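Q: Sequence and predicted structure below; questions after.
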Amino acid sequence: EDDSSGVLQYVRVWFGGNVIGEDNEINGITFGGVGSGTVVDHIEVAFNLDDGVEFFGGSVDVKYLSVLFAGDDAVDIDQGYSGRMQFLYVVIGETSNHGAEIDGGDDGTAAAFPIIFNALFVGHVDNDPDPV
């Protein structure tokens, strides 16, 4: 859980993503089992075709994350992710799905328990604020 996958700082991903199959799209940035020894800060994903940023497990801490106008979920968290996120800024576009999707636990997978603080989620005027 405390392994290091290196450093990811001051990165912008704009207009990313691609459909590679039915219900199979590429996220802006995907973290798969990344440990807390990894440094991730000042990240921006904008206008991505699918999720802005997705965490599949792991415990990496993230600071200064902006996701703008993602095609699906801005931040998608599942498979037991347990890191901390601070200073999140999310703007939902007209076709976006959710500001954050946090899954796990109900289908036999590990429940995700992120700690999120100092976050601002801005909804689109035409989106339904009711959860799915």
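A: Yep, that arrived.

Q: dump the residue contacts of Asp2.
A: With contacts defined as CB atoms under 8 Å, 6 or more residues apart in numbering, Asp2 is in contact with Gly35, Ser36, Gly37, Ser59. (Each C-beta comes from the backbone N, C-alpha and C, glycine too.)

Q: Just put those residues in CSV and tack on pLDDT and neighbour count.
A: Output for those, formatted as CSV (pLDDT from 0 to 100; neighbours: other CB atoms under 10 Å):
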residue, pLDDT, neighbour count
Gly35, 96, 17
Ser36, 96, 16
Gly37, 96, 14
Ser59, 96, 20
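
Q: got the residue ranges for the strands in this protein?
A: Secondary structure of the chain (DSSP state E): strands located at 7-14, 19-21, 24-25, 29-32, 39-46, 53-56, 62-68, 75-78, 84-91, 100-102, 115-122.

Q: what's the closest of those to Gly108?
A: When the strands of the chain are compared by CB to CB, strand 75-78 sits nearest Gly108, at 12.3 Å.

Q: what residues does the closest one touch?
A: Contacts of strand 75-78 with the rest of the structure, by CB under 8 Å, 6+ apart, involve 27, 51-57, 65, 67, 85, 88, 90, 99-104, 109, 112, 114.

Q: What subset of these is buried?
A: Using 16 or more other CB atoms under 10 Å as the burial test, those include 27, 51-57, 65, 67, 85, 88, 90, 99-102, 104, 112, 114 as buried.
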